[in-house]
Each structure stands twice: as C-alpha cells, then as structure tokens.
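Chemist: quick one: sequence and predicted model below, then my questions.
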Amino acid sequence: MSDHYDVAVIGSGPGGYSAAIRSGQLGKSVICIEKCGKDQTPILGGTCLNVGCIPSKTLLDSSYEYFKAVNHASDHGIKIKGISFDLEQMLVRKEKVVEDLTKGVSGLFKLNKVNSLRGTAKIKKDLTIEVTDEEGSFKLISADNIILATGSKPVELDFAPTDQNIVITSKEALNIKQVPNEIIIIGSGAIGLEIGSIWSRLGSKVTLLEELEQLLPQADKQVSTAAMKIFKDQGLDIRLGTNIESVETKNEKVLIKCEEENLEADKLIVAAGRVPYFDDLLDENVDLLLDSNGSINVNPFCETNIKGLYAIGDIVRGPKLAHKASEEGIMVAENIAGLDSSLDYELIPFVIYTHPEIAWVGMNEGQVETLGIDYESASFPFSLNGRSLASRENQGFVKVIVDKTKDSLLGVHIIGTNASELIQQAIIAIETKLSAEKFGSLIFSHPTKSEAIKEAASLINSKAIHISNRKRKK
Ligand code: FAD
C-alpha cells in the first residue's frame, strides 16, 4: 500500500518548496520529498538556501563590509586602527543564516500542512514514487500529480576532476577555512565572479580563466565592457579566450597548463556552469522526453510529455535562477488546482551580486539590433546621482532601451550599487507597458539611486535634468 496525495513534489529547492507551499495553500494534500537531511529529518531549501544564493550572498556581504572598512572608511572620516577579520566567525554567521532560512521553510511547511519526507525518490513506470532512506528501506508514495524539482549540479570538466580539497566546486569554495594565497577560477559567469569577489576582498590573488572572448555575453555589451574595467581595477585578473590544456595537482598546489602560459594556485574552483540533475530519479521504463541539452522537456506550463508529471526549475529549459524556479513552482501548483496561471519568460531579471552589482531585464542592445527594432537607448551615470555620491557608491550607470515608435521600454541594464533592488522597478515598468516619458515623469524621492533610472528614461525624450539631453549616436 502506498500513501496517496494530490500532489507529490520531489526536491525542496525554491522550485519544490514554493510548489509545495502553494499547493497546501490551495487545499491540496501534498508531500515534498528531499534527499538531503540529518537522520529522518530533511534539510529543506535545496541548492539556493544551502550551498548557493544564500551562503554566497552572506559571504559577499561579510567580505564587502571588511573591504569597505579597510578601503573606504577613511573617505568618510572614519579612522579604524588594526582592522582584521575572523574567517571562522564569517563562516559561522553564514551557517546560522542558512540554518534560520531552512528552518523557516520547515515552519512554512507546517503552516501550510505540507508533509515532508527525507529520502531519495525514484519514479517507477506506473508513476508511483519509491523513496529510499539512508538505511536502504523503501516507502511507496503515489500522487495524482508529481512535480519534479531536483535542480542542477556543477558541470564537471574531464581535464579538471574535482577532489573536494584543491580542485573544488562552488560548494566547497563557500566553505574554505583559510584564505588561500592564490585562487584560479574556471569560468567568469555569475558564480565565478561572485566567489572570486569574496576571496579577492579577503586577500587572495584571484585569476578567472574564461574560454569565451567576452565577459558576460548575455549582458548588454556596454555593461560587460564597464564591468571588465571595474573588476580589473579591483584586482580580479579576468583572462578571456583562455584555452586550458591540462590540470594537475602536486604538493597541495594545482598546476594549470594553458595554451598561453602555465599557472599555479592553491585552489582551483571549477565554475563552468551547471547542468540539470536527475541522476537515478527515473526508472529506465519511464519514457520522459528530454531536450537536446539534457533538460527535461516541458511546455510553457512545465508539463512534461507524461500526463500528471511536471518539471520545474533548473532541470528544465531557461535560466538556472532561484526566482524562475519558484515562480514555475507556483504556476504549476495553481494550474493543478484549476487556476489559470502562466509566466512571462521574457521578464526574468538577471543579477550578479558583485560590487557594483549588475542587473538587467528585457532585451539588450545587440538583441534589439538583431531583431531590427527601431530603438533608442540612453544611459545615466551614477557619478551624476546625488545619493550615489553621498554614499560613495558612484560607479556604473543605468541604460534604458526603448522602442522608438511606441516609447515603450524594451530593456533596462544597470551596473551599480543596489542594482539588484533597482531592477525591480524596471520589471514593473515593462510589464505594465509604462512609456519612457511616463516613467520619467513619475515623482521619485530625492536623493535616491532610483533617480538614475528616472533620468535615463527621461533622456529618451530629452527631458533629463541632471545631464545634457544631447542624443547619443547609435
Ligand atoms: P535546487 O535548489 O537545486 O533543489 C533541488 C533539490 O532536490 C535539492 O535539495 C536536492 O537534494 C533534491 N533532490 C535531487 N534529487 C532528488 C531525489 N531523487 N529525491 C529527493 N530529492 C532530490 N540563483 C539566483 O536566482 N540568485 C542567486 O544569487 C544565485 N546564486 C547562486 C550561487 C551559487 C553558488 C549557486 C551554485 C547557485 C546560485 N543560484 C542563484 C542558482 C539557484 O541556486 C538555482 O537556480 C536554484 O536553487 C534552483 O532551484 P531548484 O528548485 O530547481 O533546485
């Protein structure tokens, strides 16, 4: 006999836990199965809460507090003598934040009557779920609807196998106990840049090896060019177009042979992207359709080719982002409950939590050009924004891209402090089809960094106040 539920969710990351909570709110009987945990108790929150978004942001914030105290406090007239940091305490604080948040998800499960079960789930051909615990005993679960939310794992490179000590992934890189003298990172995407920033601020010499010829190719070119310069000034050595030939560990060091030169470091962090993770999840008779890149194939509503089986988050197409995973979880839960829910995949914001932060939503200039849209773009620098100057956070700019005939916003790109927060207003503006003129005419509080977005939008119609309205040539 199996336990039966309306909805069974496999995986408790942001996709899975959001789907489970929303299903509970909508009156469904729901169980969430999670393989990570201690004894019988699952540790909820997935990659995001345990080894991804949250621990990385906690260490980014701790390291930036230190960096600011050392480098900028004196500009504010603050004198600090003998400043140092306690890495152990930073790591303890990180663990505490993670623990509070994962326990928070357990609390939300209770509040919304979501059952949780620790164990590794496997889907059988008849779509029953076999859950195996650490001792190897089985439990069978059946459900009218199954939501797969098993996330992703780091890309493994044949020439650089990880050993959890010297050649490591982002997971171990967020738990290094002593600041390494030299770190090399393979990959200069969001994860590589964020982890590189943490250790660079704490004193490591950080080199990022990138095989592509452009930093952050998905970002607007103007933003990635500015980012490259800023990161270089910060001491991050980003080498584009690098071809690695071999990696070897010897005497607690790693030797990296590149086409161009040989490098040596104390740690090599492999941050070359992530791939969908559903190892051993499906019995071989389950005929689930996959995409050519190995993701589980789904339609815009996250339905797989098997009725009643859904897949969300990092195991399906689209960017591997926590907010995309959770919104997909909510959409699926609502549709299972008979509501009519959908997502606008064009409006997913991207953020890189370096300093300054980088954030964007909508199309970049290259994409707009390729589509042949008659557009106009304008940029407003934070160096002309009062609040940014007051806080000494005046690097970067806001760039808006606007459809010339409709005056509607097509994309907003920000490199600057608090870009992760500022970008949300662009999402609302694009979603509600606010014209650049209307956006620019809204009353924003002064002095705020948000005024830079208002001014960038105003520039489109030559109505900016704090900068020349001369048109920028395309
Ligand atoms: P996951 O969060 O990966 O959760 C999947 C869960 O399924 C895991 O808990 C796993 O144990 C469980 N599971 C797997 N197989 C089984 C099984 N067979 N049975 C039971 N349970 C199973 N995204 C952002 O949006 N912002 C960020 O700032 C950000 N920072 C990141 C930093 C790092 C270092 C990393 C690695 C990732 C970061 N991400 C960030 C990406 C984000 O973590 C993922 O996009 C997000 O966690 C995906 O959510 P998910 O629900 O699809 O899967």
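Modeler: Received it, and whenever you're ready, just let me know what you need. Residues are numbered from 1 along each chain as shown.
Chemist: taking the stretch 101-250 of the chain, what residue is nearest to the ligand?
Modeler: Using CB to the nearest ligand atom, the closest approach of the stretch 101-250 of the chain to the ligand is made by Gly151 at 2.1 Å. Just so you know, the C-beta spots here come from the backbone N, C-alpha and C atoms, and that holds for glycine as well.
Chemist: what number of residues lie near that residue?
Modeler: 25 (other CB atoms under 10 Å).
Chemist: correct me if wrong: it contacts Gly46.
Modeler: Yes. The pair Gly151 / Gly46 is scored as a contact, 5.6 Å apart, by CB atoms under 8 Å.
Chemist: and for the two, which residues touch both?
Modeler: Shared contacts of Gly151 and Gly46, defined by CB atoms under 8 Å, 6 or more residues apart in numbering, are found at 11, 13, 15.
Chemist: contacting residues for the residue of the stretch 201-350 of the chain found nearest the ligand?
Modeler: Nearest to the ligand, among the residues of the stretch 201-350 of the chain, is Gly313, at 2.1 Å (CB to the nearest ligand atom). Gly313 sits next to 11, 13-16, 149, 151, 324-325, 328-329 when contact means CB under 8 Å, 6+ apart.
Chemist: ok, Ile428 next?
Modeler: Leu434.
Chemist: do the same with Leu240
Modeler: 188, 210, 212-215.
Chemist: state the distance from it to Gly366.
Modeler: 17 Å (CB to CB, to the nearest Å).
Chemist: got the residues of this protein near the ligand?
Modeler: By CB under 6 Å from any ligand atom, the residues of the chain that approach the ligand are 10-16, 33-36, 46-48, 52-53, 56, 120-121, 149-152, 170, 191, 281, 313-314, 320-323, 325, 353.
Chemist: what do you get if the cut-off is 5 Å, keeping everything else the same?
Modeler: 11, 13-15, 33-36, 46-48, 52-53, 56, 120-121, 149-151, 170, 191, 281, 313-314, 320-322, 325 (CB under 5 Å from any ligand atom).
Chemist: which pLDDT does the model give the residue positioned nearest the centre of the chain?
Modeler: Ranked by distance to the mean C-alpha position of the chain (CA atoms, centre = their mean), the top residue is Leu321 at 4.6 Å. The model reports Leu321 with a pLDDT of 98.
Chemist: same thing with Gly136?
Modeler: The model's pLDDT for Gly136 equals 86.
Chemist: so what does whichever strand in the chain runs longest touch, helix or strand wise?
Modeler: Longest strand in the chain, counting residues (DSSP state E): strand 138-148. Other elements packing on strand 138-148 under the criterion 3 or more CB pairs under 8 Å, 6 or more residues apart in numbering; DSSP states H and E are strand 3-10, strand 30-34, strand 120-123, strand 129-132, strand 309-311, helix 322-336.
Chemist: now do the contacts for the residue nearest to Asn385 when sequence neighbours are not counted.
Modeler: Nearest residue to Asn385, sequence neighbours excluded (CB to CB, 6 or more residues apart in numbering): Ala452, at 4.7 Å. The neighbours of Ala452, taking CB under 8 Å, 6+ apart as the test, are 380-382, 384-385, 388, 397-398, 416, 422.
Chemist: which two of those residues have the greatest separation?
Modeler: Leu384 and Leu422 (15.4 Å; CB to CB).
Chemist: neighbour count winner among the two?
Modeler: Just comparing Leu384 and Leu422: by other CB under 10 Å the higher neighbour count belongs to Leu422, 20 against 16.
Chemist: redo the contacts of Gly313 as TSV? Include distance to Trp360.
Modeler: Output for the contacts of Gly313, formatted as TSV (distance: CB to CB, whole Å):
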residue	distance to Trp360
Gly11	28
Gly13	24
Pro14	21
Gly15	22
Gly16	27
Ala149	26
Gly151	24
Lys324	14
Ala325	19
Glu328	20
Gly329	24
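Chemist: which helices and strands does the helix or strand where Asn50 lies pack with?
Modeler: In this assignment (DSSP states H and E), Asn50 forms part of helix 46-51. Contacts defined by 3+ CB pairs under 8 Å, 6+ apart place helix 46-51 against helix 14-25, helix 87-111.
Chemist: quick one: buried residues of the first one?
Modeler: By that I understand helix 14-25. 14-25 (16 or more other CB atoms under 10 Å).
Chemist: in TSV: those, plus pLDDT.
Modeler: Formatted as TSV, those follow (pLDDT from 0 to 100):
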residue	pLDDT
Pro14	98
Gly15	98
Gly16	98
Tyr17	98
Ser18	98
Ala19	98
Ala20	98
Ile21	98
Arg22	98
Ser23	98
Gly24	98
Gln25	98
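Chemist: which one of those is nearest the ligand?
Modeler: Nearest member of these to the ligand, counting by CB to the nearest ligand atom, is Gly15, at 3.0 Å.
Chemist: show me the contacts for the closest one.
Modeler: By CB under 8 Å, 6+ apart, the contact set of Gly15 is 46, 149, 151, 312-314, 325-326, 328-329.
Chemist: and with 10 Å instead?
Modeler: 9, 46, 48, 147-151, 302, 311-316, 322, 324-330, 332 (CB atoms under 10 Å, 6 or more residues apart in numbering).
Chemist: try Ala8
Modeler: 20, 23, 29-33, 115, 117, 121, 123, 127-129, 131, 141-148.
Chemist: of the residues you listed, grab the buried ones for PyMOL.
Modeler: This is the PyMOL syntax for the buried subset of the contacts of Ala8, where burial follows 16+ other CB under 10 Å:
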select buried, resi 20+23+29+30+31+32+33+115+117+121+123+127+128+129+131+141+142+143+145+146+147+148
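Chemist: which residues does the nearest residue to Glu213 once chain neighbours are set aside contact?
Modeler: Nearest in space to Glu213, with sequence neighbours left out and distances taken as CB to CB, 6+ apart, is Gly241 at 4.8 Å. Listed by CB under 10 Å, 6+ apart, the contact partners of Gly241 are 209-214, 259-260.
Chemist: and the two most separated of these?
Modeler: Gln214 and Glu259 (18.3 Å).
Chemist: and these two? Which one has more around it.
Modeler: Per other CB under 10 Å, whichever of Gln214 and Glu259 has more neighbours is Gln214, with 15 against 9.
Chemist: now do the same contact list for the closest residue to Gly308 other than its chain neighbours.
Modeler: The shortest distance from Gly308 to any non-neighbouring residue, by CB to CB, 6+ apart, is to Asn145 (5.2 Å). Asn145 makes contact with 5-9, 19, 23, 28, 30, 127, 307-310, 332-333, 335-337, according to CB under 10 Å, 6+ apart.
Chemist: how about 6 Å then?
Modeler: 7, 308, 336 (CB atoms under 6 Å, 6 or more residues apart in numbering).
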